[in-house]
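Participant: Kindly return the folded structure for what I paste below:
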Amino acid sequence: MEGIEKTVHAYILDEFLPGEDPAELTDQTPLITGGILDSITTLKLVTFLEDHYNITVEAHEAGVDHLDSIRQIADLVAEKTRAA
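Facilitator: Okay, the predicted model is just below:
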């Protein structure tokens, strides 16, 4: 799962936090509740996850319960790829 976390970490830094210190974004940093992701950027993240990992993120999964930290995202992606 570490590979998923690294990939998602890099994507979030590149797309949503350009120029930020990579060390400031941890696996537990709150993304939605912390204001890093809003509704539009969350949709961009979901699209990236679906395209990159060939998974489908259901509407009820595209929120704070599953996407508020890199750890939660990695858990969701790992679960979806195992089920596929």
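
Participant: Report the contact partners of Leu31.
Facilitator: Shown in contact with Leu31 (C-beta atoms under 8 Å, 6 or more residues apart in numbering): Ile12, Leu37, Leu67, Asp68, Ser69, Ile70. Where C-beta positions appear, they are placed from N, C-alpha and C, glycine not excepted.

Participant: Leu13 versus that one, what's the distance?
Facilitator: From Leu31 across to Leu13, the span is 12 Å (C-beta to C-beta, to the nearest Å).

Participant: How are the helices of the chain distributed by residue range?
Facilitator: Counting by DSSP state H, residue ranges of the helices within the chain are 2-16, 39-53, 64-67, 70-83.

Participant: Neighbours of Leu76, how many?
Facilitator: Residue neighbour count, defined by other C-beta atoms under 10 Å, stands at 20 for Leu76.

Participant: these two touch, right, it and Glu61?
Facilitator: Yes. With contact defined as C-beta atoms under 8 Å, Leu76 counts as touching Glu61 (6.4 Å).

Participant: Low-confidence stretches in this structure?
Facilitator: Judged against pLDDT under 70, the low-scoring parts of the chain cover residues 1.
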